[in-house]
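> Sequence first, predicted model second:
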Amino acid sequence: MLTIHFSQEDILRTRVAPAADPVWELVLSLHLLQGRTRDPLMAGWRRGVAAGLRRETAADQFRLLFALNPPRGYFPDFLTPYQSLDGFEAGLDAVRSTPTGLLRRDLNVLAGTNLLPSSAAALARGEPEVLRHLTESMTQYRSVAIDPYWGRIRAAVEADRAVRARALLDGGAEGLLASLRPGMRWESGVLQVLDYPNRRELHLDGRGLLLVPSFFCARTPVALLDPALPPVLVYPADRLGGLDPPPGEGGRPAGDGGREALAALLGRTRAAVLQVSDDGATTGEVARRLHISAAAASQHTTVLRNAGLLVSRRDRNTVLHTLTPLGRAMLDA
């Protein structure tokens, strides 16, 4: 169990990441790809990514990246720098700028339980060429495993952020922390991560906590090992049905079915449903705002969800609907 201790200042300084973190998603996807999970929601993604990596002419260039990210257990803190809040390139710049002492420390910890390739020794010395090779392999892996699916990943994270925003509005910062159930428990200034693989205590000491919802985070939330780094807790976002293969790559052909679903959107009521869902709305709120029945609201949101314009997330007895990137683009057009 991970036990995180909050002061009143820590509670006030706790926040949710502003968007899906591209570096965290990349690193956690590597763990999922190499693991033995049989999650049917991710089976198509795993097959597509494995095939894409096999097509790469220099597949061995991923050897170091994969070795640094075993499917279970510790992985280096320096791979997920705080600067990735500012985007993928900012995160890669931070990785390339990691002090040699931190590289050596993290790799020594990893080598205690994993066999590392010979290039890891040069990485531990901070050799610029190896750091550049590592970030180039991250970029190439991202093009295969993340970029084709980014819209769905971002939509899942945005849906989770809408749930947290509603919890914050209804219950303040403590309401936000309490909303992280059932995998976490908030009580009297202490957040407990129940299924954490070992026993740890983390004192925030006035720094607050950055909460990062993640599509590729598995069942157990993730925290950095070094307590001196800015405190981050990455937790699973609802995957909203998983990832379909990109159009034309083993999944449905581009435009097949999607156009039929989009055709069902014609009409004022469904356009109005999109509009009232801009900041997130439950089925009941959609019905009340548009003066329609709950059954009609449910029917319209189902059509919009099937067309890829809405995502829906159940929270206890309510279902919250939020826009996907495509839905927002249509609303803003």
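Ah, there it is.

> neighbours of A294, just the number please.
12 (other C-beta atoms under 10 Å). Just so you know, the C-beta spots here come from the backbone N, C-alpha and C atoms, and that holds for glycine as well.

> so what's it closest to, chain neighbours aside?
A287 (4.7 Å; C-beta to C-beta, 6 or more residues apart in numbering).

> Which of the three states applies to the one you found?
Counting by DSSP: H, G, I helix; E, B strand; the rest coil, the backbone at A287 sits in helix.

> residue ranges with poor pLDDT in the chain?
56-59, 240-266, 332-333 (pLDDT under 70).

> in the chain, which spans are helices?
For the chain, helices defined by DSSP state H occupy the ranges 8-12, 22-34, 43-54, 63-67, 88-96, 100-111, 119-124, 128-145, 150-178, 258-263, 268-276, 283-290, 294-306, 325-332.

> Export these to a markdown table and append columns for distance to T318.
Shown next, in a markdown table, are the helices of the chain (distance: least, C-beta to C-beta, whole Å):
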| stretch | distance to T318 |
| --- | --- |
| helix 8-12 | 25 |
| helix 22-34 | 27 |
| helix 43-54 | 29 |
| helix 63-67 | 41 |
| helix 88-96 | 34 |
| helix 100-111 | 42 |
| helix 119-124 | 48 |
| helix 128-145 | 34 |
| helix 150-178 | 10 |
| helix 258-263 | 24 |
| helix 268-276 | 15 |
| helix 283-290 | 7 |
| helix 294-306 | 11 |
| helix 325-332 | 20 |
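
> ok, the residue lying closest to R305 once chain neighbours are set aside - contacts?
Residue nearest to R305 in three dimensions, not counting chain neighbours: S312, with 5.5 Å by C-beta to C-beta, 6+ apart. For S312, the contacting residues are 159, 240, 301, 305, 319-321, by C-beta atoms under 8 Å, 6 or more residues apart in numbering.

> likewise G280?
So G280 contacts 162-163, 165-166, 320-322 (C-beta under 8 Å, 6+ apart).

> quick one: I146 from V234, how far?
Distance, I146 to V234, by C-beta to C-beta, to the nearest Å: 16 Å.
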